[in-house]
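1. only geometry, no sequence info:
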């Protein structure tokens with residue numbers, strides 16, 4: 001069978017994404033950014049409480 005054979009892919013679905021380490025998201029970096037954002041919100045909250053009370 002050829003890759004473009006209509007019997008191979010009858011509903012014309014796109015090819016599957018390649019698997020492996022070459023396009024994996026950086027979950028560690030994302031976690032650090034999320035922790036930094038939470039700490040920034042906490043710092044702004046504490047600073048505004050100190051300023052207005």
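-> Here it is on my side, so go on. Just so it is clear, the model here is predicted, and its values are computed rather than measured.

2. can you list the low-confidence ranges for the protein?
-> For the chain, the stretches with pLDDT under 70 are 1-7, 18-25.

3. which residues of it fall in helices?
-> Under the criterion DSSP state H, the chain contains helices at 27-52.

4. ok, residue 47 to residue 16 distance?
-> Going from residue 47 to residue 16 by Cβ to Cβ, to the nearest Å gives 49 Å. Heads up, the C-betas are built off the backbone N, CA and C, glycines and all.

5. and for residue 52?
-> For residue 52, the distance to residue 16 equals 55 Å [Cβ to Cβ].

6. kindly report the same for residue 32.
-> To residue 16, residue 32 is 31 Å away according to Cβ to Cβ.

7. then residue 37?
-> Per Cβ to Cβ, residue 37 is found 34 Å from residue 16.

8. higher neighbour count, those two?
-> The residue with more neighbours, out of residue 37 and residue 16, is residue 37; 10 against 6, by other Cβ atoms under 10 Å.
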